[in-house]
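Visitor: This is a predicted model, with the sequence first.
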Amino acid sequence: MKYTLTLSRWHKVAERIDAALKEREANVKSGLTATTLSPWNKLGVEEKAVEIARRAAVDLALVEDGSRALARIRAALAIRNAELGVSGRLAEAAAANRRAGLYRAVIEGQKADMVRPEGVRALPDLAGETESYAYGRRATPAVTLQTADRPVIDALRDKLEYEQARATRLLDEVADLNRETVEIDVTQEVLGIAGLAA
């Protein structure tokens with residue numbers, strides 16, 4: 001049966017199918033490889049074994065059909081996403097977020113106890129002093145040098161704002177593109193686990 005849904009809805013349907021298939025796969029493995037019984041419980045074993053094998057066969061057929069449907073859905077989504085440029089926008093948004101993360105880390109990494117290079121000479125001479133650390137080790141005190149001056153930090157703030165806005169805009173474009181529709185054929189057997197009405 002052919003269904004026309006938005007790209008975002010197809011993504012959700014694919015997630016549901018995948019989750020349901022994992023459960024059915026576990027049922028097949030359990031039914032066909034891990035069915036145990038007590039040696040004292042011999043009554044009706046043949047009938048129980050037939051029923052377990054029947055349920056496993058039904059689940060196996062559904063896994064086979066569902067995995068083919070999942071492949072069709074993912075292939076159709078990949079093609080449509082490529083046509084719309086979704087992957088490119090997602091890649092650009094990820095790159096913008098990465099740059100923004102670096103800028104934010106540098107900005108937030110500036111601390112009040114950092115010393116500008118020109119201020120190092122004004123520090124008291126601590127060459128002979130040491131601080132005690134664990135296991136009897138000693139180390140000389142250290143200062144954190146502030147190598148990023150005000151213009152660098154201000155430039156990073158501007159870049160951070162730009163990259164955050166760019167990533168947001170790109171992700172909004174992707175959300176809008178995900179409203180596009182695509183028609184995919186899904187069999188009756190997969191309808192139940194896909195959450196689609198017959």
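Guide: Perfect, I can see it now. Computed from a predicted structure; not experimentally measured.
Visitor: low-scoring pLDDT stretches of the chain, where are they?
Guide: In the predicted model of the chain, residues 126-140, 198 satisfy pLDDT under 70.
Visitor: And the strands in it, which stretches?
Guide: For the chain, applying DSSP state E gives strands covering 2-6, 131-132, 138-139, 181-185.
Visitor: in the longest helix along the chain, what counts as buried?
Guide: For the chain, the helix with the greatest residue count under DSSP state H is helix 45-84. Within helix 45-84, the residues that count as buried by 16 or more other CB atoms under 10 Å are 56, 59-60, 62-63, 65-67, 69-70, 72-74, 76-77, 80-81, 84. Using the backbone N, CA and C atoms, a C-beta is placed for each residue, glycine as well.
Visitor: For it, name the packing helices and strands.
Guide: When contacts are defined as 3 or more CB pairs under 8 Å, 6 or more residues apart in numbering; DSSP states H and E, helix 45-84 sits against helix 7-33, strand 181-185, helix 188-194.
Visitor: Figure out how far the last one is from the centre of its chain.
Guide: Read it as helix 188-194. Centre-to-centre, helix 188-194 and its host chain are 26 Å apart (CA atoms, centre = their mean, to the nearest Å).
Visitor: Run through the neighbouring helices and strands of that helix.
Guide: Right, helix 188-194 is packed against helix 7-33, helix 45-84 by 3+ CB pairs under 8 Å, 6+ apart.
Visitor: Of all the ones you listed, which one is nearest residue 1?
Guide: Distances from residue 1 to each of these were compared by CB to CB, and the smallest falls on helix 45-84, at 10.8 Å.
Visitor: Quick check: chain neighbours aside, which residue is closest to residue 157?
Guide: With CB to CB, 6 or more residues apart in numbering as the measure, residue 107 is the residue that lies nearest to residue 157, at 6.3 Å, once sequence neighbours are left out.
Visitor: Contact partners for the one you found?
Guide: 153, 156-157, 160 (CB atoms under 8 Å, 6 or more residues apart in numbering).
Visitor: Could you report the neighbour count for the closest residue to residue 81 other than its chain neighbours?
Guide: Leaving aside its chain neighbours, residue 81 sits nearest to residue 87 (5.6 Å; criterion: CB to CB, 6+ apart). The number of residues packed around residue 87, counting by other CB atoms under 10 Å, is 12.
Visitor: and if you look at the one 5 residues further on?
Guide: Close neighbours of residue 92, defined as other CB under 10 Å, add up to 18.
Visitor: Could you check how far it is from residue 77?
Guide: Per CB to CB, to the nearest Å, residue 92 is found 19 Å from residue 77.
Visitor: again, but for residue 17
Guide: When distance is defined by CB to CB, residue 17 is 12 Å away from residue 77.
Visitor: which residues touch stretch 164-174?
Guide: With CB under 8 Å, 6+ apart as the test, stretch 164-174 has contacts from 86, 89-90, 92-93, 96-97, 100.
Visitor: I appreciate the help and will end here.
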